[in-house]
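> My questions concern the predicted model and sequence given below.
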Amino acid sequence: MSEKLLQNIQNPNDLRKLHPEELPVLAKELRDFIIDVVSRKEGHLGASLGVIELTIALHYVFNTPEDLLVWDVGHQAYGHKILTGRKDVFHTNRQLHGISGFPKRSESIYDTFGVGHSSTAISAALGMALASNLKGETEKQHIAVIGDASIASGMAFEGLNHAGVTDANLLVILNDNAIGIDPSVGALKEYLTSVKAGKNPRENNIIKSLNFDYSGPIDGHDFEALLKELNRLKHKKGPKFLHVITTKGKGMQLAEEDQVKYHAPGKFNPETGEILPKSDEHLPPKFQDVFGLTLVELARQNEKIIGITPAMPTGSSMKFMMDAIPERAFDVGIAEQHAVTLSAGMATQGMVVFCNIYSTFLQRAYDQVIHDVALQNLPVIFCLDRAGLVGEDGATHHGVYDIAYLNCIPNMMICAPKDEVELRNILYTAQLGLPHPIAIRYPRGRGVLTNWQHPFERLEIGKAQMLQKGTETAVVSTGFIAHNITAALKDSQNPDRLSHYHFPFVKPLDTETLTAICKTHKHLITVEDGTVVGGFGSLVASFVTENNFPVSVKKLGVPDSFIEQGTVSEQQQICGIDVNSLRTIFSSR
């Protein structure tokens with residue numbers, strides 16, 4: 001064939017003009033296209049490679065966008081984006097002003113539901129299907145594609161439970177590859193493994209028991225099987241469930257062999273798949289590794305320490321403890337609510353529980369934080385990885401709301417260390433015993449210190465630090481953003497007029513130091529890498545107002561808007577908290 005198929009496909013209507021026997025050729029071209037772009041631009045790789053045939057088959061059989069296709073999480077939606085009009089801009093994926101790395105309603109009519117967090121697809125597609133029934137659109141199809149790690153989440157089961165007693169025209173497709181970002185865990189995973197091995201008789205089918213028309217498992221890389229079954233299901237009414245077996249990283253040998261590493265491998269050689277090396281020599285550690293290594297060190301000394309993470313052992317570096325002390329480290333799967341209440345249950349029995357959850361994912365367990373932890377004043381230690389702006393994952397993953405949604409909860413303590421040593425010491429201090437639960441927030445990426453494994457020191461709870469003494473304006477900050485301020489102050493035109501105070505504790509707030517600041521300065525500038533609405537700056541401003549201090553307060557941080565994908569540096573510029581923006585503000589003081 002002299003002309004490539006992919007270059008002539010601008011939308012699924014073009015795809016449907018192909019003969020079925022041409023689809024394997026298209027699948028190879030689509031895989032090669034994704035591999036080429038991601039090898040240079042970075043992004044999520046293995047998940048999209050694993051569903052190439054399924055993606056093509058869905059758009060080939062169903063009349064998208066009139067038929068509504070919902071992808072769960074979205075890591076696997078690159079092929080979908082390319083086939084739905086975004087091929088020519090795919091190279092801008094996850095970049096500032098480019099396309100999002102996840103399905104996004106404002107980006108395309110083919111993106112029927114915005115996703116980023118997991119386990120929402122079934123509920124969303126069911127909602128669409130029930131709405132279609134009410135509107136009399138009984139022929140419209142509604143398809144939810146969900147992975148075996150995501151379907152184990154409580155919300156996915158809630159959707160299945162509801163769908164099974166409706167007449168909704170819903171098709172749930174289980175993309176079963178036995179892995180999320182890390183390998184899937186739990187009894188449901190073991191059940192699915194036995195189904196794939198033919199060890200479960202049909203009458204012992206959990207999905208059929210929920211009133212779904214179950215079919216499968218079928219090979220998700222076999223076009224003949226996919227097209228035949230999808231066309232059959234297209235004409236069946238009511239809730240349906242198709243079990244599809246795929247291989248994450250399919251078509252790239254190294255990605256198939258090491259599925260964890262190739263979930264988002266960075267830059268690599270597109271011909272061999274070999275990841276291009278990054279020199280970590282002489283670089284500061286990642287904050288997640290400071291957490292993980294320190295936790296192991298503490299757990300060896302304190303037998304009551306427990307580690308819990310919801311499906312992110314590698315990303316959070318809980319993997320270190322899972323390898324070193326596996327009987328006291330738990331990956332509970334994509335189940336943030338369960339992770340929090342499990343931690344609470346262990347805490348009632350005197351265990352010292354470190355519950356490590358990405359800041360953006362703790363939002364999913366907000367009621368459990370309030371009801372099961374804070375209300376009972378159980379000293380769970382929440383370690384909030386990826387706090388602040390997170391870069392290319394964009395709006396769905398920013399950890400910028402944690403201060404605002406936690407500081408209003410009675411009994412909750414909040415700490416934001418400025419560097420690796422302070423993180424290490426608050427972890428040490430927390431395991432010695434605190435009177436309340438605590439949330440420790442720290443950013444994605446590397447810190448600033450190469451020499452950080454100092455002997456432990458107990459931190460004084462609720463105490464701020466003066467980093468620079470000035471005369472007129474006090475800059476008060478919390479967390480890692482302190483380093484931007486230090487750099488900006490160094491080059492500002494009026495350094496002697498500006499003080500800088502770091503508040504490791506947002507709650508309890510050091511009101512004694514804050515009172516002293518207000519009595520010796522005319523102006524306050526608060527800086528944080530979280531939302532200014534209800535965040536650290538709001539707490540400081542409220543304190544100033546309530547105590548009638550004649551001090552002006554300027555709040556800097558993430559504005560009341562969702563920040564799009566880009567580098568962290570670009571996102572800080574948008575928010576006006578990068579070094580250059582801060583330098584300009586400080587120089588005007």
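Yep, that arrived.

> Can you classify residue 214 as helix, strand or coil?
strand (DSSP: H, G, I helix; E, B strand; the rest coil).

> Now do the residue lying closest to residue 552 once chain neighbours are set aside against residue 550, distance only.
Nearest non-adjacent residue to residue 552, counting by C-beta to C-beta, 6 or more residues apart in numbering: residue 523, 4.9 Å away. For glycine as for every other residue, the C-beta is placed from the backbone atoms N, C-alpha and C. For residue 523, the distance to residue 550 equals 11 Å [C-beta to C-beta, to the nearest Å].

> Mind checking which of the two has more residues around it?
residue 523 (15 against 8; other C-beta atoms under 10 Å).

> counting contacts, what elements does the helix or strand encompassing residue 233 pack onto?
Taking DSSP states H and E as the criterion, residue 233 maps to helix 223-234. The elements that helix 223-234 packs onto, with contact taken as 3 or more C-beta pairs under 8 Å, 6 or more residues apart in numbering; DSSP states H and E, are helix 23-41, helix 52-61, strand 213-219, strand 240-245.

> what comes up buried for that helix?
Going by neighbour count (16 or more other C-beta atoms under 10 Å), the buried part of helix 223-234 is 223, 225, 226, 227, 229, 230, 233, 234.

> how about the helices of the stretch 351-500 of the chain, start to end?
359-362, 366-368, 402-406, 420-431, 482-490 (DSSP state H, counting those that start in this stretch).

> how about those in CSV, adding distance to residue 156?
Compiled in CSV, those are given as follows (distance: least, C-beta to C-beta, whole Å):
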stretch, distance to residue 156
helix 359-362, 15
helix 366-368, 17
helix 402-406, 24
helix 420-431, 33
helix 482-490, 40
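
> Quick check: pLDDT value at residue 202.
We have a pLDDT of 55 for residue 202.

> Pull up the gap between residue 508 and residue 267, please.
Residue 508 is 44 Å from residue 267, by C-beta to C-beta.

> residue contacts, the most centrally placed residue in the chain?
By C-alpha atoms, centre = their mean, the mean C-alpha position of the chain lies nearest to residue 397, the distance being 4.6 Å. Residues near residue 397 by C-beta atoms under 8 Å, 6 or more residues apart in numbering: 116, 358, 360, 386, 390.

> cool, and residue 104?
111, 114.

> sec struct for it, please.
Here residue 104 is coil, with the state taken from three-state DSSP.

> Against residue 503, how distant is it?
35 Å.

> Now do the domain split for this protein, please.
According to automatic domain parsing, the chain comprises the domains 6-257, 287-441, 465-587.

> Which of those has the highest mean neighbour count?
Highest mean neighbour count among these (mean count of other C-beta atoms under 10 Å): domain 287-441, with a mean of 22.

> didn't the residue nearest to residue 552 look like it was pressed against residue 549?
No - here residue 523 lies out of contact with residue 549, judged by C-beta atoms under 8 Å, at a distance of 11.1 Å.

> so which strand or helix has the closest residue to residue 368 other than its chain neighbours?
Spatial nearest neighbour of residue 368, excluding adjacent residues (C-beta to C-beta, 6+ apart): residue 340 at 3.9 Å. Per DSSP H and E, residue 340 falls inside helix 336-348.

> how far is that helix from where the chain is centred?
The chain centre lies 20 Å from the centre of helix 336-348; the measure is C-alpha atoms, centre = their mean, to the nearest Å.

> residues making contact with the lowest-mean-pLDDT helix or strand in the chain?
Counting by mean pLDDT, DSSP states H and E, the chain has its least confident helix or strand at helix 187-196, which shows a mean of 81. For helix 187-196, contacts defined as C-beta under 8 Å, 6+ apart pick out 148-149, 151-152, 174, 176, 178, 200, 205-206, 217, 243, 245, 333.

> helix/strand/coil for residue 270?
At residue 270 the chain is in coil, as set by three-state DSSP.

> Leaving out chain neighbours, which residue sits closest to it?
Distances taken as C-beta to C-beta, 6+ apart put residue 39 closest to residue 270, at 4.0 Å, once the chain neighbours are dropped.

> could you pull out the strands for the stretch 51-200 of the chain?
Ranges of strands in the stretch 51-200 of the chain, per DSSP state E, counting those that start in this stretch, are 68-71, 142-147, 170-176.

> who wins for proximity to residue 586 among the ones you listed?
Closest to residue 586 of those, according to C-beta to C-beta: strand 68-71, at 44.8 Å.
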